[in-house]
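**Q** Show me the folded form of this:
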Amino acid sequence: MRVVSLVPSLTEAVAVSAPGALVGVTDWCTHPADLGGAARIGGTKNPDVDAVAALRPDLVIANEEENRAPDLDALRAAGLDVLVTCVRTLDQAFAELDRVLDACAVRSRPGWLDEAEAAWAAVTPDGPPRTAVVPIWRRPWMVLGSDTFAGDLLARLGVRNVYAAHPERYPRVPLDELRAVAPELVVLPDEPYRFTRADGPEAFPGAAVALVDGRHLTWYGPSLAGAPRVLRAALR
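**A** Residues are numbered from 1 along each chain as shown. Down below sits the predicted model:
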């Protein structure tokens, strides 16, 4: 198999489960550190279609949220087989990972996927649910809204997203409104916006702030096996 991945988390899943299959990855694909010399073909939102086609892949892996429909249409028009995933819950993530790995000719289910399912099946909340806002961007401020993978993970860990019923998945919310909500917790991941101790917490004076690893919160791949432990420690 010759595979091009346009999704960083799926890049990691394929790299560790089908070594040597990846011939092209995006500029944002950072895990694992050694991608075996796979060509860089641009970003998730602006892949170089000609460069992808020149790699003669048997399969291009994409995601309906990460990648733009016009780019996927252009790849299909170039005669390429494009597998588009949809991941908005943990259960969907496991199902789509099985589908992707099967399409990549991985015939034995990898151990990390079984470990991830077992780790999440064992999760129980530490206590009563805590209300939270989860900014993912600033300038303008944007937060997790409804129907998101990250929101599902947090809910399983006992974090109730204040904007989980919002009609938009990633609504823009003014900072004054976020502060007025007075959540019990403000969850700040380090991607897509890189919130840090010096950039983010100061916007919510007096609030309990949890800085979390964005890869463990938003990636669906091998990181899922350790995500309950890593996220729970940060949320505490």
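**Q** Enumerate every residue touching residue 101.
**A** 13, 14, 17, 18, 109, 110, 113 (C-beta atoms under 8 Å, 6 or more residues apart in numbering). In short, each C-beta sits where N, CA and C put it, glycine included.
**Q** List of residues touching the helix or strand harbouring the first one?
**A** Under the assignment given by DSSP states H and E, the secondary-structure element containing residue 13 is helix 8-17. Contacting residues not belonging to helix 8-17 are listed as 3, 5, 21-22, 25-26, 28-32, 35-36, 44, 61, 63, 85, 97, 100-101, 104, 106, 110, 112, 215, 218-223 [C-beta under 8 Å, 6+ apart].
**Q** ok, back up a step: just flag the most distant two among the contacts of residue 101.
**A** Within the contacts of residue 101, 14 and 109 form the most distant pair, 13.9 Å apart (C-beta to C-beta).
**Q** Select only the buried ones of the contacts of helix 8-17 in PyMOL?
**A** Paste this into PyMOL to select the buried members of the contacts of helix 8-17, with burial taken from 16 or more other C-beta atoms under 10 Å:
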select buried, resi 3+5+21+22+25+26+28+29+31+35+44+61+63+85+97+100+101+104+106+110+112+215+218+219+220+221+222+223
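**Q** Which of the contacts of helix 8-17 fall in strands?
**A** 3, 5, 22, 25, 61, 63, 85 (DSSP state E).
**Q** list the contacts for the third one?
**A** The contact partners of residue 22, by C-beta under 8 Å, 6+ apart, come to 3, 4, 5, 11, 14, 15, 35, 36, 38.
**Q** Among these, pick out the one closest to residue 185, please.
**A** For these, the nearest to residue 185 is residue 11 (31.0 Å; C-beta to C-beta).
**Q** Distance of that closest one relative to residue 78?
**A** Distance of residue 11 to residue 78, computed by C-beta to C-beta, to the nearest Å: 20 Å.
**Q** and what of residue 192?
**A** From residue 192 to residue 78 the distance is 28 Å (C-beta to C-beta).
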